[in-house]
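> sequence first, predicted model second:
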Amino acid sequence: MVAIAKADKITLEIEDNYQKQTYRNRTYIAHSNGRLLLNIPIKHSKNALRQKTKEVCPENNFPWLSEHWKSIQVAYRTSPYFEYYEDDLAPLFKKPVLKLQDFNINILNKIIELIGLQTAILRSKVYEKKTQLKDMRHLVNCKKEHGYNFDTYHQVFESNHGHIGNLSIVDLLFNEGPNTLQYLENQTLTP
């Protein structure tokens, strides 16, 4: 989100092949036991060797949407701004999700709206291994910690676990509220 906040416009990669173990289907939130993984189960294609990210469907035979929302509620109910944003975010977890990418883009658009970001969001039309744009696609890889030294901010469970970095943007939103955009703009993307 820091990269998005610092850009005038971004191009989302929507033409690539789906890769497991990326932030496309997972994120972390702060929870009473520390860092909690929210993972969207994926329905893998049996007919194709490679599956386009835009074609990936969640496995909806498992109630992951309601479980994710309950986890977010439990984790952030006591945060300073949860009640302020709850009604805006809850509908995202109540509609059936047909495509993972559409769900991610809907969440991104809602977060951008809530924090007041003016970044233009474009979508790629073809996959290019090398691009003329500043390539930030590596940020989706969750196997590698990128080691950015972002400023800390108050977190709900900070007294129990210290500051927990690299969490979902909702952690920052629920804890900092209207200061979220300013926080993002003040961070540096150099490790």
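Yep, it's here.

> who touches the most centrally placed residue in the chain in this structure?
By Cα atoms, centre = their mean, the chain has its centre lying nearest to Ser168, at 5.3 Å. Neighbour list for Ser168: Thr27, Tyr28, Ile29, Leu38 [criterion: Cβ atoms under 8 Å, 6 or more residues apart in numbering]. The C-beta positions use only the backbone N, C-alpha and C, and glycine is treated the same way.

> would you confirm that the last one belongs to a helix?
Looking back up the chat, that one is Leu38. No. Counting by DSSP: H, G, I helix; E, B strand; the rest coil, one finds Leu38 to be strand, located in no helix.

> just to revisit the earlier point, tell me the one among the contacts of Ser168 nearest to Val74.
Ile29 (9.6 Å; Cβ to Cβ).

> confirm the closest one sits in a strand?
Yes. Judged by three-state DSSP, Ile29 forms part of a strand.

> beta partners of it?
As for beta bridges, Ile29 partners with Leu36 under DSSP bridges.

> might one say that it is in contact with Leu38?
Yes. Under the criterion of Cβ atoms under 8 Å, Ile29 makes contact with Leu38 at 6.3 Å.

> neighbour count winner among those two?
With neighbours defined as other Cβ atoms under 10 Å, Ile29 and Leu38 compare such that Ile29 has more, 22 against 19.
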